[in-house]
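Asks: what follows is a predicted protein model with its sequence.
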Amino acid sequence: MANGIDWFRWHHGSVNDPKFGLVAKKAGARVGDVIAVWALVLEQASAATDRGTHGAIDCDATDFLLGADDGTTARILDAMTGRGLIADGRVARWDERQPKRERVDSTAADRKRTQRERDSLRDTDKEGRDAAVTPSHAMSHQVTPREEERREELTSKATTPAGVVVASEAGNPPSGRPQAAAKPECPHQDIIALYHEVLPECPQVRDWTPARAQQLRTRWNEDPRRQNLEYWRQFFEYVKGCGFLVGRGTGDRPFVADLEWLTKSKNFTKIREGKYE
């Protein structure tokens, strides 16, 4: 434990992250072993005095614990270094993904609201006002979750070189239309901003049409694991490592994928299956 912190963030979608499949292929190891070694690296980095520095890994002991062949852990660490997951004894982008302050529970507001609605059915004051709304309840709405902070940070990057501002609600159904409460709306603007940030070599988004918005929203809704910005950052980072998709192919006019092409159903599936590595 370092500085009183005995936890670290494990991001949704990590187990299915294609980067670990690439590392396993490079190291000649099982994907499960790669994920186990990654968890070990994160634990040591979290427990270090200088958080983010994973220090020495006992490869022989780890091979024994995994029931793997000798040298497996060492090859996995080498492959992780090659993919940029670790560098110079540190976990890449640790400070960005593992902030020092505790993460705000993004579900707290929903739980509080549900509690107030339940209490209001049985408890009102003499003037007929909802007695369940206390000062502490009101204060709970003033806390901004980390996800909202991230969206605010990306908003400043959401304009294209042509000056086109892509509205975050672009392509989402009108507010008056019934929607499933369990599914968050697709944050078009934030995903486009991530695309511009991670893949500057790809064509910029200049016109976000309803058809393109529907296509992206469909990919978002197909799998709950895709309904967070970290998944899309990892997806675009994976695309960046596929030379054919970012203009590093052969020929006089190499192919370069744009966001519309990347989010088409058949192309999206092929990318996730590693067809363009």
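Replies: Alright, I've got the coordinates. Numbering: from 1, shown residues only.
Asks: gap between the closest residue to residue 42 other than its chain neighbours and residue 219?
Replies: Distances taken as CB to CB, 6 or more residues apart in numbering place residue 8 nearest to residue 42, at 5.6 Å, with adjacent residues excluded. Quick note: C-beta positions are derived from backbone N, CA and C, even for glycine. When distance is defined by CB to CB, to the nearest Å, residue 8 is 29 Å away from residue 219.
Asks: likewise residue 75?
Replies: Distance from residue 75 to residue 219, by CB to CB: 34 Å.
Asks: list the contacts of the residue nearest to residue 42.
Replies: Residues near residue 8 by CB atoms under 8 Å, 6 or more residues apart in numbering: 42, 43, 45, 46, 98.
Asks: let's see it at 10 Å
Replies: Going by CB atoms under 10 Å, 6 or more residues apart in numbering, residue 8 touches 39, 42, 43, 45, 46, 47, 51, 52, 91, 94, 97, 98.
Asks: what of residue 260?
Replies: Counted by CB under 10 Å, 6+ apart, residue 260 has contacts 203, 205, 208, 209, 211, 212, 215, 216, 267.
Asks: mind putting those in TSV, pLDDT, distance to residue 35 and secondary structure included?
Replies: What follows is the contacts of residue 260, written out as TSV (pLDDT from 0 to 100; distance: CB to CB, whole Å; DSSP: H, G, I helix; E, B strand; the rest coil):
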residue	pLDDT	distance to residue 35	secondary structure
203	93	34	coil
205	94	33	coil
208	92	35	coil
209	93	39	coil
211	94	37	helix
212	94	34	helix
215	96	31	helix
216	96	28	helix
267	95	26	helix
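Asks: nearest to residue 228, of those residues?
Replies: Nearest to residue 228 among the contacts of residue 260 is residue 216, at 14.4 Å by CB to CB.
Asks: apart from its chain neighbours, what residue comes closest to the closest one?
Replies: residue 263 (5.0 Å).
Asks: which residues in this structure form helices?
Replies: Using DSSP state H, the helices of the chain run over 18-27, 31-47, 59-66, 72-82, 94-97, 108-120, 135-140, 146-155, 188-198, 210-222, 229-240, 259-262, 265-272.
Asks: and the last one with helix 210-222, angle?
Replies: With axes from the mean of the first three to the mean of the last three CA atoms, to 10 degrees as the basis, helix 265-272 and helix 210-222 are set at 50 degrees to each other.
Asks: show me what helix 265-272 is packed against.
Replies: helix 18-27, helix 210-222, helix 229-240, helix 259-262 (3 or more CB pairs under 10 Å, 6 or more residues apart in numbering; DSSP states H and E).
Asks: got JSON lines for the ones you listed, with distance to residue 71 too?
Replies: Shown next, in JSON lines, are these (distance: least, CB to CB, whole Å):
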{"stretch": "helix 18-27", "distance to residue 71": "9"}
{"stretch": "helix 210-222", "distance to residue 71": "39"}
{"stretch": "helix 229-240", "distance to residue 71": "27"}
{"stretch": "helix 259-262", "distance to residue 71": "37"}
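Asks: which among those helices is found nearest to residue 69?
Replies: Closest approach to residue 69 among the helices and strands packed on helix 265-272 (CB to CB): helix 18-27, 10.8 Å.
Asks: buried residues, the closest one. List them.
Replies: 18, 19, 20, 21, 22, 23, 24, 26, 27 (16 or more other CB atoms under 10 Å).
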